[in-house]
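*Asks:* fold the following and give me the result.
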Amino acid sequence: MARGRRTGKRTNKTVRLSIPKRLYYILQGIAGNNEQKLNRLIRIIIEEKLESSTVAEIASMLESKNRAKEEEEQATEQE
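*Replies:* Coordinates of the predicted model:
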């Protein structure tokens, strides 16, 4: 008897991210225009980066992006 999908939380969360078109086309070429292979490739790249990074390094990357955004906003306000 087919059970179908079980209730409860999914084990994997869906994440949406924006990447530059140039990088997207490069990764898509590597994956051979296959969306599933592209998603797997992106997932592997992210997992390897997270495994090799410490929490402090990841936090500093986030802080540097926030600082850059704040500096841009201040520059536009001053003009």
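*Asks:* please give the element, helix or strand, for N66.
*Replies:* Assigned by DSSP states H and E, N66 belongs to helix 55-78.
*Asks:* which residues are contacting that helix?
*Replies:* Outside helix 55-78, the residues that touch it by Cβ atoms under 8 Å, 6 or more residues apart in numbering are L50. Every C-beta, even on glycine, is put in place using the N, C-alpha and C of the backbone.
*Asks:* what's the answer for stretch 8-23, then?
*Replies:* With Cβ under 8 Å, 6+ apart, stretch 8-23 has contacts from L27, I42.
*Asks:* offset the numbering so it begins at 140, please.
*Replies:* New numbering, starting at 140: the last item is stretch 147-162.
*Asks:* restricting to C-alpha, output it in CSV.
*Replies:* Only the C-alpha atoms of stretch 147-162 are listed here, as CSV (Å, rounded to 0.1, in the frame of the first residue of the first chain):
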residue,chain,number,x,y,z
GLY,A,147,6.2,16.7,9.7
LYS,A,148,9.1,18.9,8.9
ARG,A,149,11.3,18.4,5.8
THR,A,150,14.8,17.4,6.5
ASN,A,151,16.2,19.9,3.9
LYS,A,152,15.2,23.5,3.9
THR,A,153,14.8,25.4,0.6
VAL,A,154,17.2,28.3,0.2
ARG,A,155,17.0,30.9,-2.6
LEU,A,156,20.1,32.9,-3.4
SER,A,157,21.1,35.5,-6.0
ILE,A,158,24.3,35.1,-7.9
PRO,A,159,25.7,37.2,-10.7
LYS,A,160,24.6,36.2,-14.2
ARG,A,161,28.2,35.6,-15.3
LEU,A,162,28.8,33.1,-12.4
